[in-house]
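K.L.:
Give me a model of this one.
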Amino acid sequence: DGFFTPGSEGEFQDIVDLLLHNDRYLTLADYKAYIAAQDEVSTTYNNTAKWAEMAIHNIASSGKFSSDRTIAEYAREIWGMEPSYEKLPDPHHVDGKETLPE
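P.N.:
So this is what the prediction gives:
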């Protein structure tokens with residue numbers, strides 16, 4: 001309809017036709033379901049209490065981040081050492097005094 005190309009309405013018609021009628025990769029096969037899911041997300045997001053509840057449940061249900069596990073495995077298997085979980089000192093506090101970058 002020319003929304004993205006004012007004055008050249010048919011510029012992307014070949015791509016549109018391909019996606020709608022001969023898409024062997026099924027790019028748009030679940031597009032209607034995707035839009036429905038996004039509509040549900042938008043509705044839920046507008047309900048701040050429900051959104052917060054879902055976010056908290058999501059965080060509480062998540063396991064250990066895979067990057068943490070991957071880094072620990074790398075330390076063990078590649079470098080032959082145990083990773084340290086010791087908390088590093090705050091770089092902006094030296095001897096109990098706050099130092100800020102200049």
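K.L.:
only C-alpha atoms for contact and neighbour calcs from this point on.
P.N.:
Fine.
K.L.:
could you say what helices and strands the longest helix seen in the chain packs with?
P.N.:
Among the elements of the chain assigned as helix by DSSP state H, the one spanning the most residues is helix 31-46. Using 3 or more CA pairs under 8 Å, 6 or more residues apart in numbering; DSSP states H and E, the elements in contact with helix 31-46 are helix 48-61.
K.L.:
Show the average pLDDT along the next helix or strand after the helix it packs on.
P.N.:
From helix 48-61 onward toward the C-terminus, using DSSP states H and E, the following helix or strand is helix 66-77. Model confidence over helix 66-77 averages 87 on the pLDDT scale.
K.L.:
what sits up against helix 66-77?
P.N.:
Contacts of helix 66-77 with the rest of the structure, by CA atoms under 8 Å, 6 or more residues apart in numbering, involve 81, 82, 83.
K.L.:
quick one: secondary structure of the last one?
P.N.:
When classified by DSSP: H, G, I helix; E, B strand; the rest coil, residue 83 comes out as coil.
K.L.:
Distance check, residue 39 against residue 33.
P.N.:
Going from residue 39 to residue 33 by CA to CA, to the nearest Å gives 10 Å.
K.L.:
my bad, residue 70
P.N.:
For residue 70, the distance to residue 33 (CA to CA) stands at 34 Å.
K.L.:
per-residue confidence averaged over stretch 80-95?
P.N.:
For stretch 80-95, the per-residue pLDDT averages 82.
K.L.:
got the CA coordinates for it in CSV?
P.N.:
Below are the C-alpha coordinates for stretch 80-95, written out as CSV (Å, rounded to 0.1, in the frame of the first residue of the first chain):
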residue,chain,number,x,y,z
GLY,A,80,42.2,-26.5,35.0
MET,A,81,41.2,-24.2,37.8
GLU,A,82,38.2,-23.7,40.1
PRO,A,83,36.4,-20.4,39.6
SER,A,84,36.4,-18.0,42.5
TYR,A,85,33.1,-16.7,43.8
GLU,A,86,34.8,-14.2,46.1
LYS,A,87,33.2,-10.8,45.9
LEU,A,88,35.6,-8.3,44.5
PRO,A,89,36.1,-4.9,46.2
ASP,A,90,34.2,-1.9,44.9
PRO,A,91,36.6,-0.1,42.7
HIS,A,92,35.2,3.2,43.8
HIS,A,93,36.0,2.6,47.5
VAL,A,94,39.6,2.5,48.7
ASP,A,95,40.3,2.2,52.4
